[in-house]
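**Student:** Quick one: sequence plus predicted model below, questions after.
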Amino acid sequence: MARVSCFRSFQASLYIPHIGACHLSSPQTDQKKKKGKKKAQGSKARMKGAIISVLVALAMVQFMAKPGEAAVTCQDVDSSLAPCVPYLSTGAGNPSGPCCDGVRRIKDIAQTTPDKQAACNCAKDAAARMPSLKEDAAASLPAKCNVQVSFPISKSIDCSR
């Protein structure tokens, strides 16, 4: 059964004087329009949700890395230097490939002054926890790995400079 809906508008398909504009539609046409609206609303909601998710993620990143605060953790430094323990304990031969990779990783993650100071303090603490550390092996480690870091690995380094 067809349904007539009337509006007081001249943009509709049929104009009847004294009634306004009228549009003839069937139930099937109405259902198609409703489905189309639902699909459009669903995709808009998904897009809105995606945008909100991205904004929340950006805000979290912004708050996690505060200016002037180091992003380097002692866990990063300890795990990077762990393969170097045999070399640092004996000082014999050359450091292993994984050890030198760890030294490079420290250099790569410690780019800012606060990061370098944090990495230095972490390396200093790690060296202090290692009673068998050979100071000369620790001091020469970056050079033996052909990596230039801004601080030597030592129990007595002043990392505030």
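**Tutor:** It's in. None of these values were measured; they are calculated from a predicted model.
**Student:** Leu81 versus Asp125, what's the distance?
**Tutor:** 11 Å (CB to CB, to the nearest Å). Every C-beta, even on glycine, is put in place using the N, C-alpha and C of the backbone.
**Student:** the more surrounded of those two?
**Tutor:** Between Asp125 and Leu81, counted using other CB atoms under 10 Å, the more crowded position is Leu81 (23 against 15).
**Student:** check which helix or strand covers the residue lying closest to the more buried one once chain neighbours are set aside.
**Tutor:** Distances taken as CB to CB, 6 or more residues apart in numbering place Gly102 nearest to Leu81, at 5.5 Å, with adjacent residues excluded. Gly102 is part of helix 97-109 when elements are defined by DSSP states H and E.
**Student:** Which SSE is immediately downstream of that helix?
**Tutor:** Next helix or strand after helix 97-109 toward the C-terminus (DSSP H and E): helix 113-128.
**Student:** Now do that next one, average pLDDT.
**Tutor:** Averaging pLDDT along helix 113-128 yields 92.
**Student:** again with stretch 152-161
**Tutor:** Rounded mean pLDDT across stretch 152-161 is 86.
**Student:** which phi and psi does Lys134 have?
**Tutor:** Lys134 has phi and psi values of phi -90, psi 110 when expressed as degrees, to the nearest 10.
**Student:** gap between it and Ala92?
**Tutor:** 9 Å.
**Student:** which one of these two has more residues nearby?
**Tutor:** Neighbour totals were compared for Lys134 and Ala92, and Lys134 leads with 15 against 9 (other CB under 10 Å).
**Student:** correct me, but that one touches Thr90?
**Tutor:** Yes: here Lys134 reaches Thr90: they are 6.9 Å apart, a contact under CB atoms under 8 Å.
**Student:** Many thanks, have a good one.
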